[in-house]
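K.L.:
Turn this into a model:
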Amino acid sequence: MEIDALVWVPDFNDVWASGKVVGLRQAESSSTIDARIEICLDASGQVVALTPEEVLLRNPGRDDAEADDLIRLPHLHEPSILSALVQRATKGNVYTHTGPILLAVNPYRKLPIYTVDYVNMYKANGLDLSAKRLPPHLYSVADEAFRAMLRGIEGRIINGSTVTANQSVLVSGESGAGKTMSTRFIMQYLALVGSAGEGAAQE
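P.N.:
Here you go, the predicted structure:
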């Protein structure tokens, strides 16, 4: 830890608070005083002294909201994950990847991202393996499961193994998190994309 390092520290009200290292106190071997890191809190300007174990590095020089996949964050821990999710949700990006897992923040309002146009966009992206990955969305998860199921039905072999047709999408969360609506949107996508005719997705 260095002077001027950007950090997260535990906070009673907000769970985590952002700050900057302004001082380092080394432990004295002849006393019971442990090493302390002095942090100036961004919100209040107050300086607090904490043990090194209580202080976590922030992701420097970047907006956490830019990370549509959390595994790209240099420092991946609870405060950086929460910060990224809050910042992304504030900008209207309610979905965020963390590797193959999709995290969703319930906006508690209707968003115009569940239209037939979005279905067609994610369907086209799933068909074009060379296309740039679209932003995180329930439709991308549904499309990936649908394409994997089709590969299994067609008996495709990948890396020497036959891909099975069975697929599942697990939707979990607390009460009120939006599980029922998420499941509806996934089923809507699968119904439209899985319809026999290409014209079905236009209706």
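K.L.:
okay, CA-based contacts and neighbour counts for the rest of this
P.N.:
Fine.
K.L.:
And the pLDDT for Ser140?
P.N.:
Per-residue pLDDT puts Ser140 at 93.
K.L.:
please renumber so the chain begins at 53
P.N.:
New numbering, starting at 53: the last item is Ser192.
K.L.:
Doesn't it belong to a strand?
P.N.:
No: per DSSP: H, G, I helix; E, B strand; the rest coil, Ser192 lies outside any strand segment and is helix.
K.L.:
Surely it and Tyr174 touch.
P.N.:
Yes: using CA atoms under 8 Å, Ser192 makes contact with Tyr174 at a distance of 6.2 Å.
K.L.:
can you list residues touching both of these two?
P.N.:
Overlap of the contact sets of Ser192 and Tyr174 (by CA atoms under 8 Å, 6 or more residues apart in numbering) consists of Leu186.
K.L.:
The two - which one has more neighbours?
P.N.:
Tyr174 (25 against 22; other CA atoms under 10 Å).
K.L.:
Can you spell out which helices and strands pack onto the strand or helix carrying Phe198?
P.N.:
Secondary structure assignment for Phe198, by DSSP states H and E: helix 190-205. The elements that helix 190-205 packs onto, with contact taken as 3 or more CA pairs under 8 Å, 6 or more residues apart in numbering; DSSP states H and E, are helix 168-179, helix 231-245.
K.L.:
for the ones you listed, which one sits closest to Gly225?
P.N.:
Checking these against Gly225 by CA to CA gives helix 231-245 as the closest, at 6.6 Å.
K.L.:
The closest one - contacts with which helices or strands?
P.N.:
helix 168-179, helix 190-205.
K.L.:
Check which residues of that helix are buried.
P.N.:
By neighbour count on 16 or more other CA atoms under 10 Å, the buried set for helix 231-245 is Lys231, Ser234, Thr235, Phe237, Ile238, Gln240, Tyr241, Leu242, Leu244, Val245.
K.L.:
Show me which of those is closest to Val61.
P.N.:
Nearest to Val61 among the buried residues of helix 231-245, with distances taken as CA to CA, is Lys231, at 31.7 Å.
K.L.:
That closest one contacts Val223, correct?
P.N.:
Yes: assessed by CA under 8 Å, Lys231 is found in contact with Val223 at 6.1 Å.
K.L.:
all strands of the chain, in order?
P.N.:
Along the chain, counting by DSSP state E, strands occupy 58-63, 67-77, 88-93, 99-102, 108-109, 147-150, 153-156, 209-210, 213-214.
K.L.:
Now render these as TSV, adding distance to Tyr166 and mean neighbour count.
P.N.:
Converted to TSV, those look like this (distance: least, CA to CA, whole Å; neighbours: other CA atoms under 10 Å):
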stretch	distance to Tyr166	mean neighbour count
strand 58-63	36	19
strand 67-77	33	19
strand 88-93	40	22
strand 99-102	46	17
strand 108-109	37	21
strand 147-150	13	19
strand 153-156	14	17
strand 209-210	32	11
strand 213-214	33	12
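K.L.:
In CSV: those, plus distance to Ala136 and mean pLDDT.
P.N.:
Below are those laid out as CSV (distance: least, CA to CA, whole Å; pLDDT from 0 to 100):
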stretch, distance to Ala136, mean pLDDT
strand 58-63, 13, 94
strand 67-77, 13, 92
strand 88-93, 19, 92
strand 99-102, 24, 93
strand 108-109, 14, 94
strand 147-150, 9, 94
strand 153-156, 11, 94
strand 209-210, 35, 68
strand 213-214, 37, 68
